[in-house]
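Colleague: quick one, what's the 3D model for this:
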Amino acid sequence: MSRSGPRFDVVTIFPEMVTAALGYGVVGRALEAGGAQVATWDPRDYTSDRHRTVDDRPYGGGPGMVMKFEPLAAAVRAAKAERGDKAPVVYLSPQGRRFDDRRARELAATGAVLVCGRYEGVDERFVEACVDEELSIGDYVLSGGEPAAVVVLDAAIRLIPGVLGDENSAAEDSFATGILDCPHYTRPEEIEGRRVPEVLLSGDHAAISQWRLAEAQRRTRARRTDLLADESA
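Modeller: All right, here's what the predicted structure looks like:
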């Protein structure tokens, strides 16, 4: 694996949350081999007060704190200056566009600067001035953007050529073809009265391919009809 893989920069006040989660499996091996690069930027390093303050009370009142413009903007600008490219600045937010396989594949090619919010969110002026897009990993709220950043990084890095041992693995994933993946089985042939489908033991590769496609379509109809609607749109 070459050492010229795409680069991802993560702006976070908890860099260890990100780096620790990425140290395992195929993603960890890709980072170690240079198939991808991840750098972290702590907004606290771009503060000017002795308390290294990155948040303050919201104007207009209300609960919680809001992350300040200046430390976030300075961290993002430092990351962009070191990168020297036009990779997108992505703010992980429950209000963003839904992250999906297509966007993961795009980021696998370009890399990105990922921004992790905390508390009640970030000063809206930071979004207006520094962010290219907002991405959400689901319709729920996390305590911070770090878990969402790890999801985006894992999904993107595993799609970089050479990261997976078998290039067909990513091509046959759920969502790669617009529908869910088919069921999978391994040894033994029977467990507690449940047998592996006979077609998978037949050695007939054409029949196996047809079965897998039919099962993927059946599973998608049962679990994610919205994907089929997307296909027909």
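Colleague: only C-alpha atoms from now on, for both contacts and neighbour counts.
Modeller: Noted.
Colleague: looks like residue 134 contacts residue 91 (just checking).
Modeller: Yes - using Cα atoms under 8 Å, residue 134 is in contact with residue 91, at 4.7 Å.
Colleague: distance of residue 43 from residue 26?
Modeller: 29 Å (Cα to Cα, to the nearest Å).
Colleague: the more surrounded of the two?
Modeller: Ranked by neighbour count (other Cα atoms under 10 Å), residue 43 and residue 26 place residue 43 first, with 24 against 16.
Colleague: just say helix, strand or coil for residue 16.
Modeller: Three-state assignment for residue 16 (DSSP: H, G, I helix; E, B strand; the rest coil): helix.
Colleague: which ones are touching residue 6?
Modeller: 35-37, 108-111 (Cα atoms under 8 Å, 6 or more residues apart in numbering).
Colleague: low-confidence ranges in the protein?
Modeller: Where the chain drops to pLDDT under 70, the residues are 1-4, 165-176, 230-233.
Colleague: quick one, longest helix in it?
Modeller: helix 205-223 (DSSP state H).
Colleague: so which elements touch that one?
Modeller: Applying 3 or more Cα pairs under 8 Å, 6 or more residues apart in numbering; DSSP states H and E, one finds that helix 205-223 contacts helix 225-232.
Colleague: so where do the strands sit in the protein?
Modeller: 7-11, 37-41, 55-56, 66-67, 89-98, 112-116, 133-136, 190-191, 194-195 (DSSP state E).
Colleague: ok, now how distant is residue 222 from residue 98?
Modeller: Counting by Cα to Cα - residue 222 and residue 98 are separated by 22 Å.
Colleague: between these two, which is the more surrounded one?
Modeller: Ranked by neighbour count (other Cα under 10 Å), residue 222 and residue 98 place residue 98 first, with 14 against 9.
Colleague: that older thread, okay, the longest helix of the chain in PDB with CA atoms only?
Modeller: Extracted in PDB, the C-alpha atoms of helix 205-223 (Å, rounded to 0.1, in the frame of the first residue of the first chain):
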ATOM      1  CA  HIS A 205     -21.700 -20.000  -9.700                       C
ATOM      2  CA  ALA A 206     -24.500 -18.600 -12.000                       C
ATOM      3  CA  ALA A 207     -27.200 -20.100  -9.800                       C
ATOM      4  CA  ILE A 208     -25.400 -18.700  -6.700                       C
ATOM      5  CA  SER A 209     -25.200 -15.200  -8.200                       C
ATOM      6  CA  GLN A 210     -28.900 -15.300  -9.100                       C
ATOM      7  CA  TRP A 211     -29.800 -16.500  -5.600                       C
ATOM      8  CA  ARG A 212     -27.800 -13.700  -4.000                       C
ATOM      9  CA  LEU A 213     -29.400 -11.000  -6.100                       C
ATOM     10  CA  ALA A 214     -32.900 -12.300  -5.400                       C
ATOM     11  CA  GLU A 215     -32.200 -12.500  -1.700                       C
ATOM     12  CA  ALA A 216     -30.700  -9.000  -1.700                       C
ATOM     13  CA  GLN A 217     -33.800  -7.700  -3.400                       C
ATOM     14  CA  ARG A 218     -36.100  -9.600  -1.000                       C
ATOM     15  CA  ARG A 219     -34.300  -8.300   2.000                       C
ATOM     16  CA  THR A 220     -34.400  -4.800   0.700                       C
ATOM     17  CA  ARG A 221     -38.200  -5.000   0.100                       C
ATOM     18  CA  ALA A 222     -38.700  -6.300   3.600                       C
ATOM     19  CA  ARG A 223     -36.400  -3.900   5.400                       C
END
